[in-house]
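Enquirer: give me the fold of what follows.
(chains A and B)
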Amino acid sequence: MIRDITIGQFYPANSIIHKLDPRVKLFGTIAFIFMIFTIKNVGGYVLTAIALASVIKLSKIPVKYMLKGLKTILFILIFTAVLNIFYTPGTILFEYKFIRITEEGIATAVKMAVRLVFLIMGSSVMTLTTTPNHLTDGLERSLSPLKRIKIPVHEISMMMSIALRFIPILLEETDKIMKAQQARGADFETGNVFRRAKSLIPILIPLVISSFRRANDLAMAMEARCYHGGEGRTKMKPLKYYRYDYIAYLIIFLYIAGSIILNHFAPL
Amino acid sequence: MSIKLENINYIYSPDNAFRKHALKDINLVIEQGEFVGIIGHTGSGKSTLIQHFNGLLKPTSGYMYYDNSNIFDGHYHLKRLREKVGLVFQYPEHQLFETTVQKDVCFGPKNQGLDEQECMERAGEALKLVGLKEKYWKKSPFELSGGQKRRAAIAGVLAMQPEVLILDEPTAGLDPRGKNDILNQIQKLHQELRITIILVSHSMEDVAKYAGRLIVMNQGRIFFDDTPRNIFRRHEELEAIGLAAPQVTYIMAELRKKGFDVSADAMSVEEAKKEILAFLGKDA
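Expert: Have a look, this model is predicted:
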């Protein structure tokens, strides 16, 4: 149930995608997200779908596991689709009192839904195949030019990696607290919206308290090991590009070029 | 009011890389009024096992019966089961949330559908049972000390007046005095209220002192299920799975090896003392 949330979690497997340098994956993901929102025709969607499917296949992450992650955004998906269907002006297909469905509405709804699915799956491939440590390293290195203009890149990426690292821990904690309260007869499943919202209090209060406790412990442990930010800090395993990283960059550029060409020249 | 498990298997995340076969073919009967200790390594399946006793986890395969009814047949009222089988998790003080200790203890009885008056009475009784003085009842649970919080949390489960009380390492992180106090209270509950106690612990000494029956878990299976004395006699096998008998058992075994005619199965310092004094021909 609550453990089904897979966004931001790492999935261990031995695949080429796991081995790629995090900078490649970051760049690839950003390029992918950018291309998703510039798609203009069916050809673009097909190319993107093929690209995404191949990456997922290569990453050796079970498709079932990826789809489970989508379940959590199902609500947002349906919500945006419904809004798009009913509120896009255009050629009317169906009209009943105040309900009006347009051709353009349906088209936009489908497009947006597909894009959202691509977006979530694309970015979860990155987090699923990259450990939080690696991801931070990649981010820090990619953003390091910004240090010149006094942006605390190291600190920002450290915070991000801690946040990512804490997602599964907090989920586990929530699960534990839920069970403990269930053991005391708490009921989260029945009753109207207000009763259910109220039944969350016995979970939320202990959860907030434990988050503070954990944050405090972590800060203490970091300080005890003389952590003092990015200044002069060296890496145990500095990032290094290998041959497959360059090949990956090449493929990403080919994908970008392919998308642009399709956007401008594809007939559909 | 027996708990009966039949061929229970439990697998976490069965269809991805996080798959873990946590319980393997567990068969177990626990009768009303027993004091059972469960011991085992971290990751041996203890916590998974006890969550089956009150239906928080549904076995991947196998059957779990309480009082001879199958609790997963679809009709069984799991909420009722959880009133009868109280489960105190590890670090139960992390689940406190109300504004006062008393209100927090009332949470369970309130979920049972009791009225205000009854809830308060139950809470009072439970708090007395765990030995928390009345001056703390109106305080916020977050103002209490670690040991007091732990007691308040245990009272929260006791207030539901369960027939079976399961405690997952109730003394973890407490000082020796707080530890003894809590274990003695639990023993009192067992003796005076005839509640079945299932105590998960890492300490052989504690289990030896209190439990009449000991279940040793190893890699998801029941490794031993016998009286503590019988199990500690086979301490070599316990060591092979990374556990050990109480220290005093080893001392007695060494003494025996050195030619002193003392019984080697003393489980507590008191027993050992009696044995040694008897050997020396003195009164205890």
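
Enquirer: kindly list the longest helix within chain A.
Expert: helix A:153-183 (DSSP state H).

Enquirer: what's the answer for chain B, then?
Expert: The single longest helix within chain B, with elements called by DSSP H, is helix B:176-193.

Enquirer: chain center to that one, what's the gap?
Expert: Here helix B:176-193 is found 11 Å from its chain centre; the criterion is C-alpha atoms, centre = their mean, to the nearest Å.

Enquirer: which neighbouring elements make contact with it?
Expert: helix B:116-129, helix B:146-158, strand B:164-168, strand B:196-201, helix B:204-210 (3 or more C-beta pairs under 8 Å, 6 or more residues apart in numbering or on different chains; DSSP states H and E). C-beta: built from backbone N, CA, C; applies to glycine.

Enquirer: just the angle between that helix and strand B:164-168, please?
Expert: 170 degrees (axes from the mean of the first three to the mean of the last three C-alpha atoms, to 10 degrees).

Enquirer: which residues does the one helix or strand A:Phe86 maps to contact?
Expert: Assigned by DSSP states H and E, A:Phe86 falls within helix A:74-87. Applying C-beta atoms under 8 Å, 6 or more residues apart in numbering or on different chains, the contact partners of helix A:74-87 are A:70, A:99-101, A:105-106, A:108-110, A:112-113, A:116-117.

Enquirer: what of stretch B:196-204?
Expert: With C-beta under 8 Å, 6+ apart, stretch B:196-204 has contacts from B:1, B:3, B:30-39, B:46-47, B:50, B:53, B:163-172, B:186, B:189-190, B:206-207, B:210-211, B:232, B:243-246.

Enquirer: just the buried residues of these.
Expert: B:3, B:30, B:34-39, B:46-47, B:50, B:53, B:163-171, B:186, B:189-190, B:206-207, B:210-211, B:232, B:243, B:245-246 (16 or more other C-beta atoms under 10 Å in any protein chain shown).

Enquirer: wait, what's in contact with residue 45?
Expert: Using chain A here. For A:Tyr45, the contacting residues are A:39, A:114, by C-beta under 8 Å, 6+ apart.

Enquirer: correction: the question concerned chain B.
Expert: Contacts of B:Gly45 (C-beta under 8 Å, 6+ apart): B:10, B:22-23, B:217, B:219-221.

Enquirer: just the helices in chain B please.
Expert: Going by DSSP H, chain B shows helices at B:46-53, B:78-84, B:101-111, B:116-129, B:146-158, B:176-193, B:204-210, B:228-233, B:235-240, B:247-257, B:269-280.

Enquirer: what about A:Thr91, how many residues nearby?
Expert: 8 (other C-beta atoms under 10 Å in any protein chain shown).

Enquirer: not counting its neighbours along the chain, what's nearest it?
Expert: Counting by C-beta to C-beta, 6 or more residues apart in numbering or on different chains, A:Thr91 lies nearest to A:Glu103, which is 4.5 Å off, once chain neighbours are set aside.

Enquirer: phi, psi for that neighbour please.
Expert: phi -60, psi -50 (degrees, to the nearest 10).

Enquirer: right, and it touches A:Pro89 too?
Expert: No. Between A:Glu103 and A:Pro89 there is no contact under C-beta atoms under 8 Å: 10.6 Å.

Enquirer: those two - which one has more neighbours?
Expert: A:Glu103 (13 against 9).

Enquirer: for the more buried one, give me its contacts.
Expert: With C-beta under 8 Å, 6+ apart, A:Glu103 has these contacts: A:90-93.

Enquirer: look up how far chain B lies from it.
Expert: For A:Glu103, the distance to chain B equals 41 Å [C-beta to the nearest C-beta, to the nearest Å].

Enquirer: pull up the pairing partners for the helix-or-strand element of chain A with minimal mean pLDDT, direction included.
Expert: Across the helices and strands of chain A, mean pLDDT, DSSP states H and E gives its lowest value to strand A:92-96, namely a mean of 76. Here strand A:92-96 has these sheet partners by DSSP bridges: strand A:99-102 (antiparallel).

Enquirer: turn the helices of chain B into a markdown table, columns for mean pLDDT.
Expert: Formatted as a markdown table, the helices of chain B follow (pLDDT from 0 to 100):
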| stretch | mean pLDDT |
| --- | --- |
| helix B:46-53 | 93 |
| helix B:78-84 | 89 |
| helix B:101-111 | 94 |
| helix B:116-129 | 93 |
| helix B:146-158 | 92 |
| helix B:176-193 | 89 |
| helix B:204-210 | 86 |
| helix B:228-233 | 89 |
| helix B:235-240 | 88 |
| helix B:247-257 | 88 |
| helix B:269-280 | 87 |
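
Enquirer: ok, and the closest non-adjacent residue to the residue of the stretch 151-268 of chain A at minimum distance from chain B?
Expert: Using C-beta to the nearest C-beta, the closest approach of the stretch 151-268 of chain A to chain B is made by A:Gly185 at 3.2 Å. The shortest distance from A:Gly185 to any non-neighbouring residue, by C-beta to C-beta, 6+ apart, is to B:Asn111 (3.2 Å).

Enquirer: OK, contacts around the one you found?
Expert: Contacts of B:Asn111 (C-beta under 8 Å, 6+ apart): A:184-187, B:79.

Enquirer: just the buried residues out of those, in PyMOL syntax.
Expert: Selecting only the buried entries of the contacts of B:Asn111 in PyMOL, with 16+ other C-beta under 10 Å as the criterion:
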select buried, (chain A and resi 184+185+186) or (chain B and resi 79)
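
Enquirer: what's the lowest-pLDDT member of the contacts of B:Asn111?
Expert: Checking pLDDT across these, the minimum falls on A:Asp187 at 82.

Enquirer: what pLDDT does B:Leu23 get?
Expert: Taking B:Leu23 on its own, its pLDDT is 93.

Enquirer: enumerate the residues of chain B near chain A.
Expert: Residues of chain B lying close to chain A by C-beta under 8 Å from any C-beta of the partner chain are B:13, B:15-17, B:51, B:54, B:56, B:79, B:82-83, B:86-89, B:92, B:94-97, B:107-108, B:111-112, B:142, B:156-157, B:160.

Enquirer: can you do 6 Å?
Expert: Contact residues (C-beta under 6 Å from any C-beta of the partner chain) of chain B with chain A: B:16-17, B:56, B:79, B:82, B:87, B:89, B:94-95, B:97, B:107-108, B:111-112.

Enquirer: among these, the buried ones, what's the PyMOL command?
Expert: Of the residues of chain B next to chain A, the buried ones can be selected in PyMOL as follows, counting by 16+ other C-beta under 10 Å:
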select buried, chain B and resi 56+79+82+87+89+94+95+97+107+108+111+112
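
Enquirer: give me the contact list for the least confident helix or strand of chain A.
Expert: Strand A:92-96 has contacts (C-beta atoms under 6 Å, 6 or more residues apart in numbering or on different chains) with A:100-103.

Enquirer: the same query, at a cut-off of 10 Å, please.
Expert: Strand A:92-96 has contacts (C-beta atoms under 10 Å, 6 or more residues apart in numbering or on different chains) with A:100-106.

Enquirer: who wins on neighbours among the contacts of A:Glu103?
Expert: Most crowded among the contacts of A:Glu103, counting by other C-beta under 10 Å, is A:Gly90 at 14 neighbours.

Enquirer: let me see the backbone angles for it.
Expert: Taking degrees, to the nearest 10 as the convention, A:Gly90 sits at phi 160, psi -160.

Enquirer: what sits closest to it if chain neighbours are left out?
Expert: Closest residue to A:Gly90 apart from its sequence neighbours, by C-beta to C-beta, 6+ apart: A:Glu104 at 3.3 Å.

Enquirer: so which helix or strand takes in that neighbour?
Expert: helix A:103-129.

Enquirer: which strand residues bridge the residue positioned nearest the centre of chain B?
Expert: Nearest to the mean C-alpha position of chain B, by C-alpha atoms, centre = their mean, lies B:Leu199 at 1.4 Å. Here B:Leu199 sits in beta bridges with B:Gly37, B:Leu167, going by DSSP bridges.

Enquirer: where's it relative to chain A, distance?
Expert: The span separating B:Leu199 from chain A equals 16 Å under the rule C-beta to the nearest C-beta.
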